[in-house]
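Chemist: structure, please.
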Amino acid sequence: MRDPRSKLDRRRFLVGLAVLAGGGAALVGLWFHHVAGPSRRVRARAERLFLSYFPEPEAIRPLGESYLEAHPGEADHGRLIELVLDELGVVEELGTDRAFGLRISALVRADFAAGRTLRLQGWIVSRTECRLAALVAEATPSPVELD
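Modeler: Residues are numbered from 1 along each chain as shown. Okay, the predicted model is just below:
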């Protein structure tokens, strides 16, 4: 016969083990999700929203080209998307287009407040704006000079 004052019986042990296993599985899931990053669907939608950030993309293209010349390590379309999504803290959901646009604007303001700015072509631009301009430069063809 068991002592009724026993602190750990089989039921409590199994419940505790289940709680630990569930918590561990949740942590592994979060870690994997963080390492894997946003899904293709999220990245594709983010790219569309990023590319529509500037009302006149052809006017911003030279700024993006200047940024890429100064930061050749970021001259990769997928990497630029990843960098901005990371800064936004996006893992899975973007929210509505309007809400996502507001998050980008808030990140631009945070860049200025934290001094994450660059001087390009006579403009002082936030790092986020530079990366978005670089995306535009990578996504749009160079203008062709005609004779």
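Chemist: distance check, residue 127 against residue 87.
Modeler: Distance of residue 127 to residue 87, computed by C-beta to C-beta, to the nearest Å: 8 Å. (Glycine included, C-beta is placed from N, CA and C.)
Chemist: those two: who's more crowded?
Modeler: residue 127 (22 against 17; other C-beta atoms under 10 Å).
Chemist: contact partners for that one?
Modeler: Residues near residue 127 by C-beta atoms under 8 Å, 6 or more residues apart in numbering: 111, 116-118.
Chemist: low-confidence stretches in the protein?
Modeler: The model of the chain has pLDDT under 70 over residues 1-37, 91-92, 141-147.
Chemist: just so I have it, where are all the strands in it?
Modeler: In the chain, the segments counted as strands under DSSP state E are 117-120, 123-126.
Chemist: reformat the ones you listed as a markdown table; add mean neighbour count and distance to residue 100.
Modeler: Formatted as a markdown table, the strands of the chain follow (neighbours: other C-beta atoms under 10 Å; distance: least, C-beta to C-beta, whole Å):
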| stretch | mean neighbour count | distance to residue 100 |
| --- | --- | --- |
| strand 117-120 | 16 | 22 |
| strand 123-126 | 16 | 17 |
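Chemist: compare the ones you listed and give me the one nearest residue 44.
Modeler: Closest approach to residue 44 among these is made by strand 123-126 (24.1 Å; C-beta to C-beta).
Chemist: what pairs with the closest one, and is each one parallel or antiparallel?
Modeler: Next to strand 123-126 in the sheet, as set by DSSP bridges, lie strand 117-120 (antiparallel).
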